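> A structural model of the following input is requested.
(one chain, ligands or ions: 2)
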Amino acid sequence: MSTIDLRLADPGLPPRAPSGDGTSAAPRAADAGPGAKDSPLWARGVRKSFGSAERPTHALTGIDIEVRRGEIVGVLGPNGAGKTTLVSILEGLLAPDAGQVRLMGAPLDDRAAYQRAKGELGVSMQHSVLPSTLTIAELVGTVSRLYPHPRPAARLVDELGLTDKRHHEIRHLSGGQQQRVAVALALIGDPKLVFLDEPTSQLDPQARRAVWDIVLEQRRSRGAGVLLTTHQMEEAERLCDRVLILDHGRVLDHGTPRELVQRHCPQRRIGFTTDAGVDLAVLADDAIEQSPAAGGELAVGWRPQDFDAALARLMELNRSGRLPVRDLQVASQSLEDVFIQLTGRGIRA
Ligand SMILES: Nc1ncnc2c1ncn2[C@@H]1O[C@H](COP(=O)(O)OP(=O)(O)OP(=O)(O)O)[C@@H](O)[C@H]1O
Ligand SMILES: [Mg+2]
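Ligands and ions are numbered 1, 2, ... in the order given. Model prediction:
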């Protein structure tokens with residue numbers, strides 16, 4: 001089956017560069033190797049702009065993404081980066097301006113095939129609107145009957161910690177309980193591909209872990225591929241085989257969480273507290289952050305190039321009394337450090 005270039009709207013856009021020719025600003029999210037187009041999700045060069053020609057918002061400027069069978073792929077990015085726009089296009093809710101998208105091998109422009117492929121897809125959108133006067137049991141039961149091989153509804157509701165609320169109407173549920181119902185609806189059809197757009201943003205730590213377990217179980221039992229957007233870096237590190245970091249509608253980088261940390265933030269971080277007023281110039285390094293800590297102390301964070309030499313120097317300064325060191329901590333940097341490094345510290349509109 002061939003895919004055709006979808007340029008459904010905005011004829012003012014420049015022609016899309018053929019994928020893989022190296023002219024795209026975005027790094028490729030996955031190699032389009034043999035069979036790649038048959039991955040549960042495959043997309044190339046996805047573009048979308050909103051607004052008028054005079055004042056456009058370029059929400060997506062050429063995204064390549066792929067989710068293979070049994071793979072959990074995270075899309076991370078600041079507010080307004082384009083994550084929900086991307087998920088909406090992949091789900092077939094929003095037409096892209098350009099790009100190729102395939103779901104279970106079915107091209108987006110073949111509406112009948114795409115619609116059939118959506119039978120294998122489970123979706124939890126960022127702003128799900130659930131029927132307010134149905135109970136959880138009624139809603140999950142009704143939706144389960146739409147699928148040929150649904151997961152057992154009562155067990156899914158129980159795994160999400162909602163058994164006690166199953167006869168309550170949706171409108172009487174808390175935000176976090178409603179979000180768990182949305183996750184149940186995404187998984188009730190036992191999908192081969194799952195899109196989860198910030199599925200745990202309102203959940204307490206226990207419920208969040210329950211959702212992680214269920215997502216991992218869907219991958220294990222069904223070999224499902226999962227596309228996850230999240231602002232929680234711990235969630236991405238725990239769940240995702242690969243992540244894409246998106247900003248201003250383009251992919252800044254992609255890889256496994258570990259690859260991204262090694263590529264962008266390889267230095268380990270030394271943290272300690274010391275006396276306020278101590279002159280940190282004795283450390284002779286610029287890679288130092290300081291901030292006031294409880295009890296009038298000074299909290300210091302240091303990302304030295306030469307970790308072993310830095311630690312030895314710090315111990316020597318402590319021994320000689322020139323720099324008192326308390327509460328010493330050593331940590332690898334995390335995906336959150338990578339995120340800040342790539343997308344900056346400025347807050348978004
Ligand atoms: N229907 C729309 N009309 C006009 N602009 C839109 C529309 N939908 C999204 N946008 C704009 O496109 C950009 C991307 O929005 P999107 O919702 O995809 O971001 P996001 O990465 O999901 O952000 P968040 O983390 O806040 O959920 C934003 O600048 C947003 O204002
Ligand atoms: Mg969003």
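
> How much space separates the residue in the stretch 101-250 of the chain positioned nearest to ligand 1 from ligand 2?
Distances between the stretch 101-250 of the chain and ligand 1 by C-beta to the nearest ligand atom are smallest at Gln126, namely 5.6 Å. Backbone N, C-alpha and C define where each C-beta goes, glycine included. To ligand 2, Gln126 is 5 Å away according to C-beta to the ion, to the nearest Å.

> quick one: pLDDT of the spatially closest residue to that residue that is not a sequence neighbour?
Leaving aside its sequence neighbours, Gln126 sits nearest to Asp197 (C-beta to C-beta, 6 or more residues apart in numbering; 4.2 Å). What the model reports as pLDDT for Asp197 is 97.

> and the lengthiest helix in the chain, what other elements does it pack with?
Longest helix in the chain by number of residues (criterion: DSSP state H): helix 205-222. Under the contact criterion of 3 or more C-beta pairs under 8 Å, 6 or more residues apart in numbering; DSSP states H and E, helix 205-222 touches helix 153-159, helix 175-187, strand 193-197, strand 225-229, helix 233-239.

> how about 7 Å then?
Secondary-structure packing of helix 205-222 (3 or more C-beta pairs under 7 Å, 6 or more residues apart in numbering; DSSP states H and E): helix 175-187, helix 233-239.

> Now the longest one: buried residues?
This points to helix 175-187. Going by neighbour count (16 or more other C-beta atoms under 10 Å), the buried part of helix 175-187 is Gln177, Gln178, Gln179, Arg180, Val181, Ala182, Val183, Ala184, Leu185, Ala186, Leu187.

> gap between the closest residue to Gly70 other than its chain neighbours and ligand 2?
Excluding its sequence neighbours, the residue lying closest to Gly70 (C-beta to C-beta, 6+ apart) is Gly223, at 4.6 Å. Distance, Gly223 to ligand 2, using C-beta to the ion: 27 Å.

> got it, and Gly277?
For Gly277, the distance to ligand 2 - C-beta to the ion - is 45 Å.

> same check, this time on Leu317
47 Å.

> just checking, next helix/strand downstream of whichever strand or helix holds that residue?
Under the criterion of DSSP states H and E, Leu317 resides in helix 307-319. Downstream of helix 307-319, the next assigned helix or strand under DSSP H and E is strand 326-331.

> Only C-alpha atoms, please: export that next one in PDB.
Extracted as PDB, the C-alpha positions of strand 326-331 are listed here (Å, rounded to 0.1, in the frame of the first residue of the first chain):
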ATOM      1  CA  ARG A 326      27.500  19.000  55.200                       C
ATOM      2  CA  ASP A 327      24.700  16.700  53.800                       C
ATOM      3  CA  LEU A 328      26.900  15.700  50.800                       C
ATOM      4  CA  GLN A 329      24.900  14.100  48.000                       C
ATOM      5  CA  VAL A 330      26.100  12.700  44.600                       C
ATOM      6  CA  ALA A 331      23.600  12.100  41.800                       C
END
